[in-house]
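> please find the sequence and the predicted model below.
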Amino acid sequence: MGRLFGTDGVRGIANTELTGEMAFQLGRAGAFVLASETHHVPKILVGKDTRRSGDMLEKALIAGICSTGAEAVLAGFVPTPAVAHLVRKYSFDAGVVISASHNPAEFNGIKFFNSEGYKLSDALEERIEAIILDKSEEIPNPQGEGVGITSELNTAVDDYVAFAMKTIQCDLKGLKIAIDCANGASFETSPKAIRKLGAELLVICDNPDGLNINKNCGSTHLEMLKNFTVDNGCDIGLAFDGDADRVLAVDENGELVDGDRIMAVIGLSLKNKGLLNGNTIVATVMSNLGFDVMAKENGLNILKANVGDRYVLEKMLEGDYILGGEQSGHIIIRTHNTTGDGLVTALQLLAVLKETGKKLSELASVMSIFPQVLKNAKVSNDKKYNYRDDEVIAAKCHELEQTFHGEGRVLIRPSGTEPLVRVMIEGRDQETITQKAVELVKLIEERLS
């Protein structure tokens, strides 16, 4: 992880950790790096979610962009995946999104896309960091007519809605759908697209006030949507996060259908149509074991990436696979977009519902969720990576996995920020895996404290 950039851009509490000054510098350095190969006046698209601090950071960011001679084109309130799509549609030199995704309103973030709509490589992020922190390159200060200007892309919402609607080949008439927009960036785009496709739509949390984004709503707080879906007799409920690059579903009974199950439903539909390249889905090491069992039973291949959408995408590009994602609902469908896209994913799921005539509970039942238990082992910070070389810990993990006979697994991960080693055990029996996790945590604490 970089000095400024995390796994998804630069994040922090707005106006203390992520300041206007930092946004200016990011706009300036980002525009310089991303436009350095162009031989024309570079154009950079800027979108944002609905946080109050977005205005402040947007103004600072575009000042930085314009100070290098580039043009900043404002898209307004749009989902992250809309920026990734629009950069390609209009051949922008780069895109920037001001958002902190599923985090509370006081946080914000800045993430960049290159001209192909992909998040930046580690090398480019490091170059931007080096310019800001080490003054490694000098950015010119054009004068007079060389100073950049701003303009607006007033069609951003409608362009993205039209694109998303074209990703399915059916209408949604006859479906009764509930959606939770998290008072975030999807408050216009998702209702518009689903209504235009003919569904009966009920919407909650689509009145952003700058401070209520993700507040007890959206994909991280599903209780309200679960109740709303059942109370109103809906076929499905859909919950987006603040920047709408992810979506989770609840079935007609109010039961969660997470990212793994959404990928199972969409993946099997694509496979049946001969559209799933290599019959392969890219998941992460944290995907539920039930996902692997479902794949084995249905002739699918599962590749595992590290946690984080950038690592999922990396593996997808390596093998030219089209479907991948995470339990959190961050799902990439490469035939349609270059990043996780909540609305596009939702529409693919709704299309399967419409085409099959089945209830979501029935479609999702193709995959059983195995019980999981997560425990933390408190260890010395300087020893938290030593579990890799500890023969006693390795032998214990091997012994546990042997007892599961392929129907359980052990995953150990050091915390990136705390003196902890996280232990995750999955298996068919909750009581057994809980007992085994406690034993393993005790052993790790004895060996690494």
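Happy to help now that I have it.

> from the chain's centroid, how far away is stretch 350-362?
24 Å (Cα atoms, centre = their mean, to the nearest Å).

> now it - C-alpha only, CSV.
Output of stretch 350-362 as CSV, limited to C-alpha atoms (Å, rounded to 0.1, in the frame of the first residue of the first chain):
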residue,chain,number,x,y,z
LEU,A,350,-33.0,-8.7,-12.7
ALA,A,351,-32.8,-10.0,-16.3
VAL,A,352,-32.2,-13.6,-15.0
LEU,A,353,-35.3,-13.2,-12.7
LYS,A,354,-37.4,-12.0,-15.7
GLU,A,355,-36.1,-14.6,-18.2
THR,A,356,-36.4,-17.6,-15.9
GLY,A,357,-39.6,-16.6,-14.1
LYS,A,358,-38.1,-18.0,-10.9
LYS,A,359,-38.1,-16.4,-7.5
LEU,A,360,-34.8,-15.0,-6.3
SER,A,361,-34.8,-17.4,-3.3
GLU,A,362,-34.9,-20.3,-5.7
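
> who touches it?
Here stretch 350-362 makes contact (Cβ atoms under 8 Å, 6 or more residues apart in numbering) with 168-172, 174-175, 177, 194, 197, 199, 235-236, 249, 251-253, 255, 257, 265-266, 269, 349, 363. Using the backbone N, CA and C atoms, a C-beta is placed for each residue, glycine as well.

> what's the spacing between the most centrally placed residue in the chain and residue 286?
When Cα atoms, centre = their mean is applied to the chain, the residue found nearest the centroid is residue 330 (3.8 Å). Residue 330 sits 12 Å away from residue 286, taking Cβ to Cβ, to the nearest Å as the criterion.

> next: residue 395.
Counting by Cβ to Cβ, the separation of residue 395 from residue 286 is 24 Å.

> who's more crowded, these two?
More neighbours surround residue 286 than the other of residue 395 and residue 286, with 18 against 11 (other Cβ atoms under 10 Å).

> quick check: the more buried one touching residue 426?
No: using Cβ atoms under 8 Å, residue 286 is not in contact with residue 426, being 9.9 Å away.

> what are the phi and psi values for residue 75?
phi -100, psi -10 (degrees, to the nearest 10).

> surely it is in contact with residue 156?
Yes: using Cβ under 8 Å, residue 75 is in contact with residue 156, at 3.9 Å.

> and residue 323, how close does it get to residue 271?
Note on residue 323: its distance to residue 271, by Cβ to Cβ, is 10 Å.

> the more surrounded of these two?
Set side by side, residue 323 and residue 271 show more neighbours around residue 323, with 26 against 18, by other Cβ under 10 Å.

> for the nearest residue to that one once chain neighbours are set aside, list each beta-bridge partner.
In space, and not counting its chain neighbours, residue 323 is closest to residue 281: 5.1 Å by Cβ to Cβ, 6 or more residues apart in numbering. Judged by DSSP bridges, the bridge partners of residue 281 are residue 302, residue 323.

> residue 281: neighbouring residues, count only.
By the criterion of other Cβ under 10 Å, residue 281 has 28 neighbours.

> okay then, goodbye and thanks.
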